[in-house]
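1. Only the shape, not the letters, is given here:
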């Protein structure tokens, strides 16, 4: 029986990219006028629920749990997090026509450089 190769746990950069991706997707979803209920079909009330980084990550986490039986995205390895992203983003694109590229390490560094620190 062959043993499956274990990849390293997802990196801090991947975690930062996940948070950035969730934030960017939430902004795109709100900008396009999508209500969470129309996509995840969990709520029945007649009020708009805005997208947040946390709401996007919640759905991302559900897919990760279904694919890898993990409790947290912190449990994903460097390959698994990319596989979950591909499945998640493809499905979101099918449902909404919105796709957000996974933020690159260079983009994350550039954004960090542009953050104004409090004086």
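-> Now that the structure is in, tell me what you want to look at. If you're wondering where the values come from, they're calculated on a predicted model, not measured in any experiment. Numbers count the residues shown, from 1 in each chain.
2. rest of the way, CA atoms for contacts and neighbours
-> Noted.
3. following the helix or strand of the chain with the lowest mean pLDDT, which helix or strand shows up next?
-> One helix or strand of the chain scores below all others by mean pLDDT, DSSP states H and E: helix 36-40, with a mean of 76. Sequence order places helix 53-68 as the next helix or strand after helix 36-40, per DSSP states H and E.
4. that older thread, now find how far off-centre the least confident helix or strand of the chain is within its chain.
-> Taking the mean of its C-alpha atoms, helix 36-40 sits 16 Å from the chain's own mean (C-alpha atoms, centre = their mean, to the nearest Å).
5. count of residues packed around the closest residue to residue 25 other than its chain neighbours?
-> Among residues not flanking residue 25 along the chain, residue 100 sits closest, at 6.1 Å (C-alpha to C-alpha, 6 or more residues apart in numbering). The number of residues packed near residue 100 is 15, by other C-alpha atoms under 10 Å.
6. Would you enumerate the residues in contact with residue 100?
-> Shown in contact with residue 100 (C-alpha atoms under 8 Å, 6 or more residues apart in numbering): 21, 24-25, 89.
7. Can I take it that it is in a strand?
-> No. Using DSSP: H, G, I helix; E, B strand; the rest coil, the assignment for residue 100 is coil, not a strand.
8. I'd like the mean pLDDT over stretch 74-94, please.
-> Averaged across stretch 74-94, pLDDT comes to 95.
9. what comes into contact with it?
-> Taking C-alpha under 8 Å, 6+ apart as the rule, stretch 74-94 contacts 6-11, 14-15, 60, 63-64, 67-68, 70, 73, 98-100, 102.
10. can we see that at 10 Å?
-> 6-12, 14-15, 18, 21, 25, 29, 39-40, 56, 59-70, 73, 95-102 (C-alpha atoms under 10 Å, 6 or more residues apart in numbering).
11. The residue most central in space within the chain is in what secondary structure piece?
-> The residue lying closest to the centre of the chain (C-alpha atoms, centre = their mean) is residue 22, at 4.2 Å. In the assignment (DSSP H and E), residue 22 maps to helix 12-31.
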